[in-house]
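Undergrad: Got a predicted structure plus its sequence, pasted below:
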Amino acid sequence: MEQNGAGNWYAANLRVRYQESDQMGVVYHANYLNWFEIGRTEMIRQMGYTYRKMEEQGLLLPVTGLDVKYHKPARYDDEIVIFTRISAFSALRLNYEYDVRRVTADNGVNSIGQRVWSSDESRPGERLVTGSTQHVWVNGDWKVVRLDKVASELYSALEKVWLSGKE
């Protein structure tokens, strides 16, 4: 049974690197997709799991859908926070939502760290990009699997994160 809604936000910080921007110093649009991956990878890490461990268990989580909305451009050397949360969860599927923001010392860059933000809590910074990705659990042969049957520990960890955002 798929559960929809909004979980807690997890934060991952980065500074825009030179190679991510064009001659005008503006981040190339496709780099935000890489940042989404950083967001979800770091979220899983903050939960005490890693993508490496998932792959060692024979699990893959390919992207099956993607939505992006560009609000304002990021620029070379900006401090960026990628806020990531689970937006839908089931034994077969996992969807993420992203809110990429520019932060400064004035609007909270020093207070972010590894903190988890509740779903109704305002996040610091200036919104640059929002988006979502949809995923399905598969094995090494790219056959759809039920996460609760093949990796109950990971299923429980994700379910715990999901339910904590519902409280």
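TA: Great, that's in hand. Numbers count the residues shown, from 1 in each chain.

Undergrad: Downstream of the worst-scoring helix or strand of the chain on mean pLDDT, the next helix or strand is which one?
TA: Least confident helix or strand of the chain, by mean pLDDT, DSSP states H and E, is strand 3-4 with a mean of 52. Going down the chain from strand 3-4, the next helix or strand is strand 9-15, by DSSP states H and E.

Undergrad: ok, that next one: who's next to it in the sheet?
TA: strand 79-89 (antiparallel), strand 116-117 (antiparallel) (DSSP bridges).

Undergrad: what about dumping the CA coordinates of it to CSV?
TA: Coordinates of each C-alpha in strand 9-15 appear next as CSV, following Å, rounded to 0.1, in the frame of the first residue of the first chain:
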residue,chain,number,x,y,z
TRP,A,9,13.4,17.4,5.2
TYR,A,10,17.1,16.3,5.3
ALA,A,11,19.8,18.9,4.3
ALA,A,12,23.0,18.5,2.3
ASN,A,13,25.3,21.4,1.8
LEU,A,14,27.6,22.2,-1.1
ARG,A,15,29.3,25.1,-2.7
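
Undergrad: as a whole number, average confidence for it?
TA: For strand 9-15, mean pLDDT rounds to 94.

Undergrad: One more: stretch 56-72?
TA: 96.

Undergrad: For that stretch, buried residues please.
TA: Leu59, Leu60, Leu61, Val68 (16 or more other C-beta atoms under 10 Å). C-betas here are computed from N, CA, C, even on glycine.

Undergrad: Relative to Leu128, how far out is the third one?
TA: When you say that, I think you mean Leu61. Distance, Leu61 to Leu128, by C-beta to C-beta, to the nearest Å: 25 Å.

Undergrad: Check the second one too.
TA: Look at Leu60 and Leu128: by C-beta to C-beta, they are 29 Å apart.

Undergrad: For the helix ranked longest in the chain, could you pull out the residues that count as buried?
TA: When the chain is parsed with DSSP state H, its longest helix is helix 31-46. The neighbour-count check on helix 31-46 (16+ other C-beta under 10 Å) flags 31-32, 35-40, 42-46 as buried.

Undergrad: In TSV, list those along with pLDDT and distance to Leu14.
TA: What follows is those, written out as TSV (pLDDT from 0 to 100; distance: C-beta to C-beta, whole Å):
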residue	pLDDT	distance to Leu14
Asn31	95	10
Tyr32	96	12
Trp35	97	7
Phe36	98	12
Glu37	97	12
Ile38	96	7
Gly39	96	10
Arg40	95	14
Glu42	94	10
Met43	93	14
Ile44	93	17
Arg45	92	14
Gln46	91	15
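
Undergrad: export those residues to JSON lines and tack on distance to Lys149?
TA: As requested, the buried residues of helix 31-46 are exported to JSON lines (distance: C-beta to C-beta, whole Å):
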{"residue": "Asn31", "distance to Lys149": "36"}
{"residue": "Tyr32", "distance to Lys149": "34"}
{"residue": "Trp35", "distance to Lys149": "32"}
{"residue": "Phe36", "distance to Lys149": "28"}
{"residue": "Glu37", "distance to Lys149": "26"}
{"residue": "Ile38", "distance to Lys149": "29"}
{"residue": "Gly39", "distance to Lys149": "27"}
{"residue": "Arg40", "distance to Lys149": "22"}
{"residue": "Glu42", "distance to Lys149": "27"}
{"residue": "Met43", "distance to Lys149": "23"}
{"residue": "Ile44", "distance to Lys149": "20"}
{"residue": "Arg45", "distance to Lys149": "24"}
{"residue": "Gln46", "distance to Lys149": "25"}
